[in-house]
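Chemist: Need the 3D shape of this:
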Amino acid sequence: MKGVGASQAVWSILNENYNEKIALSGQKQRTIHGDPLTSALMLRDITFDSISFRYPTRQDALVLDNLTLRVPGGKVLAIC
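Modeler: The predicted structure is shown next:
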């Protein structure tokens, strides 16, 4: 659960920076279905570099092995 708390802190910092930039620029805030878009991560690229993953309960099964990929900002990617 420590990871959840840490990620919430990161999101909070990114949102503050994004909201401050919008306010200072005088731009109209973006919305999705009428709700403000406050996540700066929605506008940035996301990069995974050499990621490997195993479930803690299935150490014998490697789920991701040295995965590297880039998702452009504003785009959506689903991995099944």
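
Chemist: So Thr57, which state does it fall into?
Modeler: Assigned by DSSP: H, G, I helix; E, B strand; the rest coil, the conformation of Thr57 is coil.

Chemist: burial count for it?
Modeler: Thr57: 6 surrounding residues under other CB atoms under 10 Å. Backbone N, C-alpha and C define where each C-beta goes, glycine included.

Chemist: Kindly report the same for the one 10 residues further on.
Modeler: Here the count is done by other CB under 10 Å, and Leu67 has 13 residues near it.

Chemist: give the contact list for it.
Modeler: If you count contacts by CB atoms under 8 Å, 6 or more residues apart in numbering, Leu67 has them with Phe48, Ser50, Ile51, Ser52.

Chemist: Where do the helices of this protein begin and end?
Modeler: Here the chain has its helices, by DSSP state H, at 2-25.

Chemist: on that earlier part again, now, which of the contacts of Leu67 sits nearest Lys75?
Modeler: Of all the contacts of Leu67, Phe48 has the smallest distance to Lys75: 13.9 Å, by CB to CB.

Chemist: give me the beta-bridge partners of the closest one?
Modeler: Phe48 has these beta-bridge partners by DSSP bridges: Leu69.
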